[in-house]
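Undergrad: Predicted coordinates and the sequence they were generated for:
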Amino acid sequence: MSILEYLFPDQITSPESIKYNCIAWAAGDDKQWWEPDPMHMYYWPPLVPRICTLAAFIKAYESIGFVVCPDGTLEANFIKIALYADPYNNPTHAARLQPNGKWTSKCGDKEDIEHDLTQVCNPPFPYGNVVCFMKKPT
Amino acid sequence: MNGPENLVYMIRSQGNNIPSLFPFKQGIATAKICVIPSPEQLVQEIDAYHDYTPRVYVADTTKLFSQEFKRLLAEWKEQATFLSSATQMAMLPQYQQIIGMGKPAIPLILNELKDRPTHLFWALKAISGMDPVPAKDRGHIDKMIKAWIKWGRQKNYIK
């Protein structure tokens, strides 16, 4: 049994994979790992600053049609995402709202899980708190 | 026995035990070469001889090196659980220690990448100074692994 199976019984929605991370998954991409790494080894949207700041992450999602919005409530005909950051406002995680009102997250190189918004804000998850919501038309 | 990176060389000469990392320049004219399985045995070997015959002790540390790599890797994986950023993963102390193991770690990293894919790309790039992954394949983990394995074979790091 994996640690996520233990923590989130019946909420696992995919096998473990290192092919994509939460940032990609929130964007709807399960084919590549998104990261603005300084070594330029991973995918990051073109023309978006390759730095790990909230502003850069917002720009990354803006590059695929998202705009910042005030909350994470379900809204007809919109996809919403939540960005998480540590106490220093460094982005750490992203989740996507599903039509059933639950959020879906890829946890590092582990499985995808379905969860409540703040369920990944405490240890063992190192994600901090939700600092921004964004949305785009479906 | 592997290449010189995996060997510990020590020299004993004229009654003086002179530890020295290879390459050493002690000017010994003749010496007996004693191959020992591990550095630990070096002390026993030195204690066993009291005739002051110059000897070069060569220990194959490959096994110890591999064990240390596996230990660091296991600890790193535990620490990196749930991290969404390969950069944050690479900043963990165990990962930095793997990078510090240098070029002899490259075959171990490549084999790990092949058998149990994980985010060891940063280590490979940091150690080798190379990045064989085409720009279009950045982020595509399978293609990144394939490119590094191909590179490793071309450079004879792995078969």
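TA: It's in.

Undergrad: Alpha carbons of the longest helix along chain A, as PDB, please.
TA: Ranked by number of residues, the top helix in chain A under DSSP state H is helix A:54-62. Below are the C-alpha coordinates for helix A:54-62, written out as PDB (Å, rounded to 0.1, in the frame of the first residue of the first chain):
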ATOM      1  CA  LEU A  54       4.000  33.000  -8.000                       C
ATOM      2  CA  ALA A  55       4.000  35.700 -10.700                       C
ATOM      3  CA  ALA A  56       5.800  33.400 -13.200                       C
ATOM      4  CA  PHE A  57       3.400  30.500 -12.400                       C
ATOM      5  CA  ILE A  58       0.400  32.800 -13.000                       C
ATOM      6  CA  LYS A  59       1.900  33.800 -16.300                       C
ATOM      7  CA  ALA A  60       2.400  30.200 -17.200                       C
ATOM      8  CA  TYR A  61      -1.300  29.400 -16.700                       C
ATOM      9  CA  GLU A  62      -2.200  32.700 -18.400                       C
END
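
Undergrad: model confidence over it, on average?
TA: Average pLDDT, helix A:54-62: 98.

Undergrad: near chain B at all, it?
TA: No: using CB under 8 Å from any CB of the partner chain, helix A:54-62 never reaches chain B; the gap is at least 11.0 Å. In short, each C-beta sits where N, CA and C put it, glycine included.

Undergrad: Enumerate the residues of chain A near chain B.
TA: So far as CB under 8 Å from any CB goes, chain A lies against chain B at A:3, A:18-19, A:21-24, A:31-35, A:37-44, A:52, A:92-94, A:106-110, A:124-127.

Undergrad: Sort out which of these are buried, if you could.
TA: The neighbour-count criterion (16 or more other CB atoms under 10 Å in any protein chain shown) marks A:18-19, A:21-24, A:32-35, A:37, A:39, A:41-44, A:52, A:92-94, A:106-110, A:125-127 among the residues of chain A next to chain B as buried.

Undergrad: Remind me which helix or strand A:Ile79 belongs to.
TA: Of the helices and strands defined by DSSP states H and E, A:Ile79 is found in strand A:78-85.
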